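[1] need the 3D shape of this:
(one chain, ligands or ions: 1)
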Amino acid sequence: MAKITLGVCSSVSLYKACEIIRGFQKEKFQVQVILTKNASRLISPLLFSALSGQKALVDPFDEEYSDEIPHVDLAKETSLLLVAPATANMIGKFASGVADDFLSTFYTASNCPVLIAPSMNEAMYLHRQTQENIQKLRAMGVRFVEPEKGYLACKDIGWGRLAAPEKIVEEGLRLIKKSESLKGKTVLVTAGPTREFLDPVRFLTNRSSGKMGYELAEEALRRGAEVILISGPTHIFPPPEAKLKKVRTAQEMEKEVVAHFGQADVVIMAAAISDFRFAETSSQKIKKEKLEKKIDVVPTEDVLQKLSSKKGAKIIVGFAAETEDVVNNALKKMKKKSLDLIVANNVLDEGIGFESDFNQVSLIFPDGKTIHTEKKSKLEISQIILDRVEDIVGG
Ligand SMILES: Cc1cc2nc3c(=O)[nH]c(=O)nc-3n(C[C@H](O)[C@H](O)[C@H](O)COP(=O)(O)O)c2cc1C
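    Residues are numbered from 1 along each chain as shown. Model prediction:
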């Protein structure tokens, strides 16, 4: 039976966690409760042990667990970590990596989807620090069930009331389903720029930061896919679960893509591979006085073009960074390379695309159907792209 770990913090609304447990049990999930020490001062853990049929966990240093490391063992078995109600304190701990109790330690040890349902007084919820912590967690892929406006335990009326238990259960179930939506599929993602060397110290490159590709890799992992990430030089910490291949030049990128293409069900080419390289690369640093006035460049191999004949049933997604006539140029690229989807953006737009955490894109399909997104975080854009990929996978 799949297991949900339910974190319960010290908010008066914690009595609603009982209904949440029932909601998951009806769907045949086992629920393991972790109660914070402060929550156990508001209510007895025994109530949650009785309801869930599993001893509610409070203290990781309990002598009872002397022959195991409970937060690590539990993390391996959990399909979803739900925190409901979540206090401002716990959201802050998650956002800053503090791991000083059972629940926050469990969070840092777990790899499953995380859903947080905040519950607090309006002033606490709207406090800049709380909002900043929420934004930080969202950017890491943590999902939230927004609190509602209503009558609060402090007798105020305002934002901060825990969302309805049915809504929390529904969102939790949706997330668990989503975490398996690409299970059994291998997704190959390319990311970042390439470097085309003139000599050992000088190279030609572009403004790609790799953020879009890395978000796509993370999101594909969250949906249960095996991920091969072929990355040009970036400063981003790669997801440890991805099979990472680091490359520098367009030629190295091509070699790795060709080598892994056969294993992939979905290929997402988010890397900005240089279109040309220097005709000659010197093995020694070229002296200033010996530098030619004109340096010849030659085109690099078009990897997508090369692979389009071997496409078979694979789904191939391309990216088009354009500066003019974005949609038409992208359509031409799509037809030439037999793509299933092309993601186009205008890189002249301020505040999106290269080096930014945000993007605003047009998703173009072979029949010319086009979806224009708003300006969104690259995480959200990656979710939109993978939703469409799943539609194509599902026919
Ligand atoms: C009766 C009572 C109710 C509380 N309700 C909330 C609440 O709804 N939301 C919140 O963020 N903090 C609430 N607090 C404050 C937290 O309990 C406090 O920040 C605590 O340190 C959080 O500990 P925990 O996150 O480990 O449970 C409440 C405190 C008390 C005494």
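
[2] quick one: residue 390 is in a helix?
    Yes. Assessed with DSSP: H, G, I helix; E, B strand; the rest coil, residue 390 lies in a helix.

[3] could you measure from the nearest residue to it once chain neighbours are set aside over to the ligand?
    Once flanking residues are discounted, residue 390 sits nearest to residue 181: 5.6 Å by Cβ to Cβ, 6 or more residues apart in numbering. In this view, the C-beta of every residue, glycine as well, is placed from N, C-alpha and C. Relative to the ligand, residue 181 is positioned 32 Å away (Cβ to the nearest ligand atom, to the nearest Å).

[4] how about the contacts made by residue 181?
    Residue 181 is in contact with 223-224, 390, counting by Cβ atoms under 8 Å, 6 or more residues apart in numbering.

[5] of the residues you listed, buried ones?
    Listed as buried from the contacts of residue 181 are 223, 390; burial here means 16 or more other Cβ atoms under 10 Å.

[6] dump the contacts of residue 181 to CSV, plus pLDDT and distance to the ligand.
    Formatted as CSV, the contacts of residue 181 follow (pLDDT from 0 to 100; distance: Cβ to the nearest ligand atom, whole Å):
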residue, pLDDT, distance to the ligand
223, 93, 30
224, 93, 31
390, 96, 36
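
[7] part of a helix, is residue 345?
    No. Residue 345 is assigned strand when assessed by three-state DSSP, not a helix.

[8] all helices of the stretch 51-200 of the chain, in order?
    Counting by DSSP state H, counting those that start in this stretch, the stretch 51-200 of the chain has helices at residues 70-77, 88-96, 102-109, 122-126, 128-139, 165-178.

[9] for residue 361, find the nearest of those helices.
    helix 128-139 (18.1 Å; Cβ to Cβ).

[10] export the closest one to PDB, keeping only CA atoms.
    Taking C-alpha atoms only, helix 128-139 is exported to PDB below (Å, rounded to 0.1, in the frame of the first residue of the first chain):
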ATOM      1  CA  ARG A 128       7.200  39.400   3.900                       C
ATOM      2  CA  GLN A 129       9.400  36.800   5.400                       C
ATOM      3  CA  THR A 130       6.700  34.100   5.200                       C
ATOM      4  CA  GLN A 131       5.900  35.100   1.600                       C
ATOM      5  CA  GLU A 132       9.600  35.000   0.700                       C
ATOM      6  CA  ASN A 133      10.000  31.500   2.200                       C
ATOM      7  CA  ILE A 134       6.900  30.300   0.200                       C
ATOM      8  CA  GLN A 135       8.400  31.700  -3.000                       C
ATOM      9  CA  LYS A 136      11.700  30.100  -2.300                       C
ATOM     10  CA  LEU A 137      10.100  26.700  -1.700                       C
ATOM     11  CA  ARG A 138       7.900  27.100  -4.800                       C
ATOM     12  CA  ALA A 139      11.000  27.700  -6.900                       C
END
